[in-house]
Every structure is written in structure tokens, then in C-alpha cells.
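>>> Return atomic coordinates for the entry below.
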Amino acid sequence: MIPESPVEPAVPHELIARLRRHVHALTPIPTDQQARLQRLPAVRSVLFDVYGTLFVSASGDIAASDGQERTGAMARALKAVGIPADRTTADRAAEVLVEAIARAHKRLKERGVAYPEVEIRSIFEEVLEYLHTRGCGGGKPTREFCEALAVEYECRSNPTWPMPGLAETLRGLKERNMPLGIVSNAQFFTPLLFPAYLEKSLPLLGFDPDLCVFSYRLLEAKPSPRLFLHALEVLTRRGIEPQQVLYVGNDRVNDIWPAAQTGMRTALFAGDSRSFRPREADPITRSVREDVLLTDLRQLADVLPVV
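Just a heads-up that it's a prediction; the model follows:
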């Protein structure tokens, strides 16, 4: 298994360059929702989801794609890292990817993890091992090789683009000196979206690294409240109580429900119909209602305390 370093490389230029080579604008598809806004004067910190909230996600989710799309994305990703693969090889590599994820999920569930997450570099290590043992080229998988292939595959299976008003919203929040964080289902490449698109790292954009909780690091995904509690532990030590924290996400089950369970105030983001998840038929949503509903990130200015 590829070991997880506690601190990611400060400026992984090569991976950011790979992300930028795939940049193309994505326009959000409006939902039929009307914004419901109210001032939340007690809020002292804001935490965000990433995919479908801060960034348009073409697939609607970090892990959403069907078999045919996976094969096409895998074939192009392998070629991009120097492994030419025919359709059959790419199809089998995509199957190995799915099977490796399923095995990892099974192991974690056997350990009692209700919502397991994978470390995608370890998954792509298995894919590259499979290809190497069958003489498809590429050599033994290194961490750098696994990262390159993972980024190339992700860019093709889930293109992203900043939500309208993202840079403006983050700039305004930073000026408030308000602790900002992220609680998101994510992989190692997720934090790289910010320098790739906004040309600034998370800390330079105002995010506190101690408040950035990514599922791949915990091997546990939302809607597990554990991710939210991790951020709240940090904030509580700073004198900020759960009811003074606003969590912004696009999914009532994965975002609003666990945030509300931990005592946070909540904002449901309905800015793009690809990723908006009201989940009205899910029994969980009957027990929770968000405090506000946003259709544009810039509406946060109408929700946060007046400065």
C-alpha cells in the first residue's frame, strides 16, 4: 500500500499542470429552487462541501460514472501517462479499479466503518500492478505514477469548474477573518483544484488547514458525522460552539443531515441541477430542514452577520 504522508506536498506543480491541461468552462444548470435567506447573526465560522458546492461537477459527484464512461476515461488516462491500451485492456483496467474499490469498502465495513472511503492512490496502485504483470508497460507503480494516473482519470470522468462567484465569495469571507474550512468527500487531488483554477492554495484563500477534513484521510465518507466532529473539535478548542458554525453543502443526506446532527447551522446549496440533491424521498430528510437555501454562493453575504 502507498503510505499516506501527514502533509501533502506544498506545491505539486506537475499535478496542477495536469489539472490545468483539462480546464474548460462548465456552466451550472439552474434548479427550480427559490432562495430562502435569513440572517444568521451568531455564525462565526463557515465550512463547505467541495463537489457540487464550491465547484461545478460534470458528473454531479466525485464517484459518479457508468461502465462505458469508465472504460473511455481509463483508456485516455492510460495513454496520457504513457501506457497505450486497447479497448479490452482499458475495459479490464476499469474493472480492476471498481473491484479494488469494492474490496477496500468491504474491508472497512468489516471493521465497522458504516460509510467507507478509499485512498485512491492505493486503488490505482492495484490497477498499475495489474497492467505491469501483464506486460502492458509503465513499470512498477510509484507514488508519483499513481498520482498522475489518478488525476488524468479524474479529469476525464468528473470535469470540474468553479461555481459562479466562488473567488468573490472566498475573498469576502477572508476579509471577515472568519475561520473557514472544508468537510468533503474527496481525494488527494481535491485540494489541488484551488490552485489549479484560482491560482492560490487553500491557506492563501483563507482556509484553515486544521479545519479541512477530507474523507480519503480518514477512510470514512459523509454522511458519517465523524468528519464534521473532527472540524468541530478544532473549533470548540477555539471557543466556537457548533451552533456558531454554518455548513454549506448541496446534498440533504450527505451534507445537511450530518451537519445538523452535530449541532451546526446549515445552508443547502441549489446552484446546479447536476449535483443538487434534495433527497425528498429519503426518510432522513423528514427529520432535518436547512436553515437557509442558497442558489448562488454570493448569497452568503445576505446570511452571515453584518460587518
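
>>> all contacts plus neighbour counts: C-alpha atoms, from now on.
Noted.

>>> any idea where the strands of this structure begin and end?
Using DSSP state E, the strands of the chain run over 45-48, 55-57, 160-162, 180-184, 207-214, 245-249, 265-269, 292-294.

>>> quick one: buried residues of the fifth one?
Residues of strand 207-214 classed as buried: 207, 211-214 (neighbour count, 16 or more other Cα atoms under 10 Å).

>>> just stretch 77-92 next, same as before
Quick answer for stretch 77-92 (16+ other Cα under 10 Å): 77-78, 83-85, 89-92.

>>> wait, isn't Ile240 in contact with Arg44?
Yes - at 7.1 Å, Ile240 counts as touching Arg44 under the criterion of Cα atoms under 8 Å.

>>> These two: which is more packed in?
Arg44 (21 against 17; other Cα atoms under 10 Å).

>>> what's the nearest residue to the more buried one if we skip its chain neighbours?
Nearest residue to Arg44 in three dimensions, chain neighbours excluded: Gln244, at 5.4 Å (Cα to Cα, 6 or more residues apart in numbering).

>>> what are the phi and psi values for Lys200?
phi -140, psi 140 (degrees, to the nearest 10).

>>> how deep is it tucked in, by neighbour count?
14.

>>> and the gap between it and Ala231?
From Lys200 across to Ala231, the span is 22 Å (Cα to Cα, to the nearest Å).

>>> if we can go back for a sec, give me the pLDDT for the residue nearest to Arg44.
Note for Gln244: predicted pLDDT of 98.

>>> Spit out the contact partners of it.
Contacts for Gln244 (Cα atoms under 8 Å, 6 or more residues apart in numbering) come out as 42-45, 264-265.

>>> And for Val307?
Counted by Cα under 8 Å, 6+ apart, Val307 has contacts Arg176.

>>> which secondary element of the chain has the worst mean pLDDT?
helix 67-80 (a mean of 89; mean pLDDT, DSSP states H and E).

>>> Alpha carbons of it, as PDB, please.
Taking Å, rounded to 0.1, in the frame of the first residue of the first chain, the C-alpha atoms of helix 67-80 are listed here in PDB:
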ATOM      1  CA  GLY A  67     -19.100   1.400 -17.100                       C
ATOM      2  CA  GLN A  68     -18.800   2.700 -20.600                       C
ATOM      3  CA  GLU A  69     -17.600   6.100 -19.400                       C
ATOM      4  CA  ARG A  70     -15.100   4.500 -17.000                       C
ATOM      5  CA  THR A  71     -13.600   2.500 -19.900                       C
ATOM      6  CA  GLY A  72     -13.200   5.500 -22.100                       C
ATOM      7  CA  ALA A  73     -11.800   7.600 -19.300                       C
ATOM      8  CA  MET A  74      -9.400   4.900 -18.400                       C
ATOM      9  CA  ALA A  75      -8.100   4.400 -22.000                       C
ATOM     10  CA  ARG A  76      -7.400   8.100 -22.400                       C
ATOM     11  CA  ALA A  77      -5.900   8.400 -18.900                       C
ATOM     12  CA  LEU A  78      -3.500   5.500 -19.500                       C
ATOM     13  CA  LYS A  79      -2.400   7.000 -22.800                       C
ATOM     14  CA  ALA A  80      -1.700  10.300 -21.100                       C
END
